[in-house]
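>>> Just to be clear, the model below is a prediction. Sequence and coordinates:
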There are 2 protein chains.
Amino acid sequence: MSTTGFTGAGLDRADHLRLDAEQLAALMANGEARLLRLAELDPVLDEEGRLAWGALAEAEGDMLFLGLDEGVPLFAPLVRTEALGRRAWSVFRLLSLMSQRDAAIWGAARSLNEWHNRHLFCSVCGTAAVVFRAGWGRKCPNCGAEHFPRVDPVVIMLAEHEGRVLLGRQPQYPAGRYSALAGFVEPGESIEEAVARELMEEAGIAVRDVRYVTSQPWPFPGQLMIACIASAESDALRLDANELEDAFWASRDEVRAALAGDPAAPFQAPPPFAIANTLLTRWSADASEE
Amino acid sequence: MSTTGFTGAGLDRADHLRLDAEQLAALMANGEARLLRLAELDPVLDEEGRLAWGALAEAEGDMLFLGLDEGVPLFAPLVRTEALGRRAWSVFRLLSLMSQRDAAIWGAARSLNEWHNRHLFCSVCGTAAVVFRAGWGRKCPNCGAEHFPRVDPVVIMLAEHEGRVLLGRQPQYPAGRYSALAGFVEPGESIEEAVARELMEEAGIAVRDVRYVTSQPWPFPGQLMIACIASAESDALRLDANELEDAFWASRDEVRAALAGDPAAPFQAPPPFAIANTLLTRWSADASEE
């Protein structure tokens, strides 16, 4: 249905089974059930470069039910780790080798694991909470509060001005990398308002006419990336030095060169599994405003 | 910029001031600073039907910095309450009397308060966490973890089939009410995938070509509502009785009648501040597919 990164797992998440202890036990007893292999939270690939799976009998501890793959139950282990929240650039090389479907399956397992590791305790009363809903929640044995995996909506956007788009660079990016500006949606604002606020905060750019483009999940640790394009009133920049170390307006030709990996391009594009790549690809292919 | 509910507050959220203790103290010492009046978490209206504000000197306890209104600092109290998570139908009558801007300002204050009340303790280690970032976060004095207000993305959508759209009814709705189907976006899926999954889970409807329409926040307690339209492959329904007590396909004329409050309409439309109303209004005005 979609060609953005970390989508297309194609599993039946079978939500109706998650709370059904009897059916869940049957899934785990199913001889074909498979357990995702993880190295800490990172993917493990087999000799053909595909996600490696083991038998469910190998499992110890809590299990996360990822869904049904044409009837075959897929699980991931709940991994206790201190290696949280790191973007883990080393994983990016693995991701570039993986099929999109494998990346999507692994991404869900990683996001769930990141969430569990940061939500061991009930935020309402401070008691240690236990896994429920086959890994899609935690419940407090003291106050009864139910907690569900967190997904943080993030807007990522191109401000457009006279055939060029605004790209920025954060200090932690690899050398030469520029990307679309981004920021978390806050309580009490729409996607369109968050796009306008972030562009004003980070670059001093006022925009009108925010257009949604596409979306994808991002498992570092659990964002919903919402890609938009907006029309800038002016190209005069006022950068927030805490957010961006540099920014510039890129033309379609410059963006196309970067996406093609041309060494003469003025910047290095984000990888294909990042929605900024999809957003730049869509924009650079669309000459409707030229 | 947008005409959806709970948007258009028009405040400068001034994120750069939230962590600046000196500037924040100056904002609070500003004689023009105003404090939102709340009854528990509900809005308090003055004689003209506008949000009621008091002087900041009235305040006790933690304060939430809502933003600057043409330079005037606006705050809301952090209200400790047990009255959480209730949709509070009684508030809906008040909301129907309020300006859109007032609803947006109150909505942000309500969402922040809901979040604080459910996040008194650090979910990483179980220690009581303290307010920081002028109310836009909590920090753990034990492990140092920082926690930010949660915004839950929810897809709400119309499946469309031969000029009609699918509307459903949850048991807790007011008599006669039908609305668009909706559900939380989960880790590891895009907006488009969540739309397809929810329509399949709740109504057995397979869709293609998911189109984004618009978005708004929803402060009960803190969702980001993402409205879409998708093309249904068939109109044969298989309802999940746990989610919906009824559903039917409504024509444009039926939707227009309901939005106009026609007593002969086959259902009662959601209120104007709900994005389902906006979505139905946009769809029923768009005859491009007729």
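Received the coordinates, thanks.
>>> quick one: average pLDDT of stretch A:200-216?
Averaged across stretch A:200-216, pLDDT comes to 98.
>>> go on, stretch A:72-84?
Across stretch A:72-84, the average pLDDT comes to 89.
>>> Check stretch A:135-149 too.
Mean per-residue pLDDT for stretch A:135-149: 97.
>>> for stretch A:187-196, same thing?
Here stretch A:187-196 scores 98 as its mean pLDDT.
>>> cool, stretch A:20-38 as well?
94.
>>> for chain B, what are the nearby residues on the stretch 151-290 of chain A?
Selection of the stretch 151-290 of chain A residues close to chain B by Cβ under 8 Å from any Cβ of the partner chain yields A:151-153, A:184-193, A:196-197, A:201, A:208, A:210, A:212, A:214-217, A:219, A:222, A:224, A:226, A:240, A:242. (Glycine included, C-beta is placed from N, CA and C.)
>>> How about the backbone phi and psi for A:D42?
According to degrees, to the nearest 10, the main-chain angles of A:D42 amount to phi -90, psi 160.
>>> Number of residues surrounding it?
Residues within reach of A:D42, counting by other Cβ atoms under 10 Å in any protein chain shown, total 16.
>>> Okay, it and A:P271: tell me how far apart.
Here the criterion is Cβ to Cβ, to the nearest Å. By it, A:D42 lies 16 Å from A:P271.
>>> And for A:R256?
Going from A:R256 to A:P271 by Cβ to Cβ gives 17 Å.
>>> One more: A:A21?
Distance, A:A21 to A:P271, by Cβ to Cβ: 41 Å.
>>> between the two, who's got more neighbours?
Legend: neighbour count by other Cβ under 10 Å for A:A21 and A:P271, higher for A:P271 (15 against 9).
>>> ok, the nearest residue to A:D235 once chain neighbours are set aside to A:V155 distance?
Distances taken as Cβ to Cβ, 6 or more residues apart in numbering or on different chains place A:H161 nearest to A:D235, at 4.5 Å, with adjacent residues excluded. According to Cβ to Cβ, A:H161 and A:V155 sit 18 Å apart.
>>> These two: who's more crowded?
Ranked by neighbour count (other Cβ under 10 Å), A:H161 and A:V155 place A:V155 first, with 30 against 18.
>>> On the strand side of things, show who that one bridges to.
Counting by DSSP bridges, A:V155 is bridged to A:G183, A:I226.
>>> Surely it and A:I226 touch.
Yes - taking Cβ atoms under 8 Å as the definition, A:V155 is a contact partner of A:I226 at 5.2 Å.
>>> Next, show the common contact partners of those two.
Counting by Cβ atoms under 8 Å, 6 or more residues apart in numbering or on different chains, the residues touching both A:V155 and A:I226 are A:185, A:191.
>>> Looking at chain A, which helix is longest?
helix A:100-117 (DSSP state H).
>>> tell me what it is packed against?
In this structure, helix A:100-117 packs against strand A:34-36, strand A:63-69, strand A:72-77, strand A:207-218, with contacts taken as 3 or more Cβ pairs under 8 Å, 6 or more residues apart in numbering or on different chains; DSSP states H and E.
>>> how about 10 Å then?
Counting contacts by 3 or more Cβ pairs under 10 Å, 6 or more residues apart in numbering or on different chains; DSSP states H and E, helix A:100-117 is packed against strand A:34-36, strand A:38-39, strand A:42-43, strand A:63-69, strand A:72-77, helix A:89-97, strand A:207-218.
>>> Packing partners of the second one?
It refers to strand A:38-39. The contact analysis (3+ Cβ pairs under 10 Å, 6+ apart) places strand A:38-39 against helix A:100-117.
>>> tell me the mean pLDDT for the helix it packs on?
On average, helix A:100-117 scores 97.
>>> Can I get it as PDB, trimmed to CA atoms?
Below are the C-alpha coordinates for helix A:100-117, written out as PDB (Å, rounded to 0.1, in the frame of the first residue of the first chain):
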ATOM      1  CA  GLN A 100      11.600  -3.200   3.200                       C
ATOM      2  CA  ARG A 101       9.300  -5.900   4.700                       C
ATOM      3  CA  ASP A 102      12.000  -7.200   7.000                       C
ATOM      4  CA  ALA A 103      12.800  -3.600   8.200                       C
ATOM      5  CA  ALA A 104       9.100  -3.100   9.000                       C
ATOM      6  CA  ILE A 105       8.800  -6.300  11.000                       C
ATOM      7  CA  TRP A 106      12.000  -5.600  12.900                       C
ATOM      8  CA  GLY A 107      11.000  -1.900  13.400                       C
ATOM      9  CA  ALA A 108       7.800  -2.800  15.200                       C
ATOM     10  CA  ALA A 109       9.700  -5.200  17.500                       C
ATOM     11  CA  ARG A 110      12.300  -2.600  18.200                       C
ATOM     12  CA  SER A 111       9.800   0.100  19.000                       C
ATOM     13  CA  LEU A 112       7.900  -2.200  21.400                       C
ATOM     14  CA  ASN A 113      11.100  -3.100  23.100                       C
ATOM     15  CA  GLU A 114      12.200   0.500  23.500                       C
ATOM     16  CA  TRP A 115       8.800   1.300  25.000                       C
ATOM     17  CA  HIS A 116       8.900  -1.600  27.500                       C
ATOM     18  CA  ASN A 117      12.400  -0.700  28.600                       C
END
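>>> mind listing what the very next helix or strand once past that helix pairs with, with the direction of each?
Once the chain leaves helix A:100-117, the next helix or strand it forms, by DSSP states H and E, is strand A:130-131. Strands that pair with strand A:130-131, judged by DSSP bridges, come out as strand A:138-139 (antiparallel).
>>> Please state the offset of the strand it pairs with from the chain centre?
23 Å (Cα atoms, centre = their mean, to the nearest Å).
>>> try stretch A:50-61
Offset of stretch A:50-61 from its chain centre (Cα atoms, centre = their mean): 24 Å.
>>> tell me the centre residue of chain A?
When chain A is reduced to its mean C-alpha position, the closest residue under Cα atoms, centre = their mean turns out to be A:W218, at 0.3 Å.
>>> How about that one: what's its closest non-neighbour residue?
A:M225 (5.0 Å).
>>> what about A:Y212, how many neighbours?
Using other Cβ under 10 Å, A:Y212 is surrounded by 22 other residues.
>>> Contact partners for it?
If you count contacts by Cβ atoms under 10 Å, 6 or more residues apart in numbering or on different chains, A:Y212 has them with A:155, A:157, A:191-192, A:195, A:226-229, B:191, B:211-215, B:226, B:228.
>>> Could you check how far it is from A:A232?
17 Å.
>>> that older thread, so who does the residue nearest to A:D235 touch?
By Cβ under 10 Å, 6+ apart, the contact set of A:H161 is A:205, A:207, A:230-236, A:249.
>>> Could you do A:H16 as well?
A:23, B:201, B:240, B:242-243.
>>> Over to A:G107?
A:G107 touches A:5-7, A:9, A:43, A:95, A:216-220, A:222, A:273, B:187-189, counting by Cβ under 10 Å, 6+ apart.
>>> Out of these, which end up buried?
Neighbour-count burial (16 or more other Cβ atoms under 10 Å in any protein chain shown) applied to the contacts of A:G107 gives A:5-7, A:9, A:43, A:95, A:216-220, A:222, A:273, B:187-189.
>>> just curious, which of those residues is nearest to B:P73?
Here the nearest of the buried ones among the contacts of A:G107 to B:P73, counting by Cβ to Cβ, is A:G222; it sits at 33.1 Å.
>>> Give me the pLDDT for the closest one.
Reported pLDDT for A:G222: 96.
>>> For burial, what's the neighbour tally of the spatially closest residue to it that is not a sequence neighbour?
Take A:G222 and drop its neighbours on the chain: the residue closest to it by Cβ to Cβ, 6+ apart is A:S111, 4.0 Å away. The burial count assigned to A:S111 is 26, neighbours taken as other Cβ under 10 Å.
>>> all helices of the stretch 151-290 of chain A, in order?
Under the criterion DSSP state H, counting those that start in this stretch, the stretch 151-290 of chain A contains helices at A:191-203, A:252-259, A:275-285.
>>> Include mean neighbour count when you put those into TSV, please.
Output for the helices of the stretch 151-290 of chain A, formatted as TSV (neighbours: other Cβ atoms under 10 Å in any protein chain shown):
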stretch	mean neighbour count
helix A:191-203	24
helix A:252-259	19
helix A:275-285	20
